[in-house]
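Q: Generate coordinates for the sequence data below:
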Amino acid sequence: MLWAAIFVLSLFILVQASDYFTDAAERLGIFLGFHPFIIGVTIVAIGTSLPELASSIAAVLQQSSEVVLGNVVGSNITNIFLIVGVASAMSRKFKITYHSLKVDLQIFLSSAFLLCLAVGDRDFSAGDAWLSLGGFIIYLLYAVLSHPNTLETSGESSERDAEEDPAEDTANCLKKPDRFPVKSLAIAIVSLIFIWGSAEYTIESVTKISEFLQIGKEVIAISAVAFGTSLPELIVTIVATRKGNPEMAVGNVLGSNIFNCFAVMGVAGAIDNLEIAPVIIAEGLPAMLAGTILFFLTTQNKQFSRWEGLLFFVFYGWFIGELFDFL
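A: Just a heads-up that it's a prediction; the model follows:
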């Protein structure tokens with residue numbers, strides 16, 4: 001009971017600290033003049049993926065590297081089936097207007113395939129890790145450089161972008177502050193400290209709980225830890241959808257999953273070789289790959305309906321049921 005309470009508390013602090021960091025980083029992004037979709041796929045996606053990154057690094061340092069792949073795969077599955085399902089169910093039907101979505105989706109699909117190929121031999125070496133980090137750097141450069149227009153202080157964009165990108169209305173709602181947000185920078189730094197400390201206790205509690213229940217740490221990672229570390233993405237999705245900007249939620253899922261496959265696996269694998277659990281290969285990877293392909297196909301018409309969102313919920317329920325032998 002003690003370690004269960006520590007797990008819940010540390011995971012709560014991890015999510016809350018990441019939420020504070022994301023808000024602060026988003027304000028910094030607005031000050032720098034990034035487009036809303038770019039904020040979603042870079043700053044917000046990285047910020048909301050910090051729990052996965054911090055807990056994965058802590059897992060490797062505590063000799064529990066089998067948690068890393070379980071956390072990444074479980075988080076990606078949760079992002080696709082649960083979070084996109086929530087955004088679709090809340091907004092009935094929404095269109096994705098960002099004109100560079102096609103390339104983002106291809107990188108999203110490629111990151112999942114690269115992860116599957118890299119761990120297919122049940123080994124994730126330092127070479128695999130550096131290749132993954134290279135993929136993330138390429139995506140980050142693409143995300144920033146492919147949309148060169150920035151938010152002006154007046155909130156006006158060029159006529160060309162107004163024609164190509166109807167999301168300009170959202171951009172107009174984000175006002176660039178006159179002064180550098182020093183407070184936001186301080187909040188971001190303090191949040192990072194809490195993120196790291198809580199990640200340490202999260203992994204330690206997972207280890208203790210798995211020993212008590214006599215189940216693999218990777219099973220807890222792909223289910224409970226993955227769901228908990230995906231809560232920031234879920235919160236961002238609900239807030240963005242309520243504000244009439246569900247496409248930021250889609251951008252967040254795209255960026256977050258790419259970050260998990262490339263950056264989280266890359267950073268953790270660069271520290272030490274990762275242990276690959278058979279249950280993740282057998283049950284987790286097929287579900288993640290199926291969800292990635294389904295998401296790719298569903299977004300080809302650049303819109304989501306409520307019925308598609310409800311179908312995503314069914315897939316998430318199936319995954320959890322299969323994982324714990326409920327089905």
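
Q: phi, psi of the most centrally placed residue in the chain?
A: Taking C-alpha atoms, centre = their mean as the criterion, Ser256 is the residue nearest the geometric centre of the chain, at 2.6 Å. Per-residue torsions, Ser256: phi -70, psi -40 (degrees, to the nearest 10).

Q: Report the separation between it and Gln63.
A: Distance check for Ser256 against Gln63: by C-beta to C-beta, to the nearest Å, it reads 27 Å. To be clear about C-beta, it is placed using only N, CA and C from the backbone, and glycine gets the same treatment.

Q: Quick check: the residue nearest to the centre of the chain touching Asn79?
A: Yes - the pair Ser256 / Asn79 is scored as a contact, 5.7 Å apart, by C-beta atoms under 8 Å.

Q: Give the residues shared as contacts by the two.
A: Here Ser256 and Asn79 have Glu233 as joint contacts, going by C-beta atoms under 8 Å, 6 or more residues apart in numbering.

Q: I'd say Ser146 and Lys102 touch.
A: No - the pair Ser146 / Lys102 is not scored as a contact, 11.0 Å apart, by C-beta under 8 Å.

Q: Go ahead and produce PDB holding the CA coordinates of stretch 117-131.
A: C-alpha atoms of stretch 117-131 as PDB (Å, rounded to 0.1, in the frame of the first residue of the first chain):
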ATOM      1  CA  LEU A 117      12.500  -2.600 -37.000                       C
ATOM      2  CA  ALA A 118      15.000  -1.500 -34.300                       C
ATOM      3  CA  VAL A 119      13.500  -3.700 -31.600                       C
ATOM      4  CA  GLY A 120      12.400  -6.600 -33.800                       C
ATOM      5  CA  ASP A 121      15.600  -8.500 -33.000                       C
ATOM      6  CA  ARG A 122      15.000  -7.900 -29.200                       C
ATOM      7  CA  ASP A 123      18.000  -5.600 -29.000                       C
ATOM      8  CA  PHE A 124      18.100  -1.800 -29.000                       C
ATOM      9  CA  SER A 125      21.800  -0.900 -29.300                       C
ATOM     10  CA  ALA A 126      23.600   2.500 -29.100                       C
ATOM     11  CA  GLY A 127      23.600   2.500 -32.900                       C
ATOM     12  CA  ASP A 128      19.800   2.200 -33.000                       C
ATOM     13  CA  ALA A 129      19.700   5.000 -30.400                       C
ATOM     14  CA  TRP A 130      21.800   7.500 -32.300                       C
ATOM     15  CA  LEU A 131      19.800   6.700 -35.500                       C
END
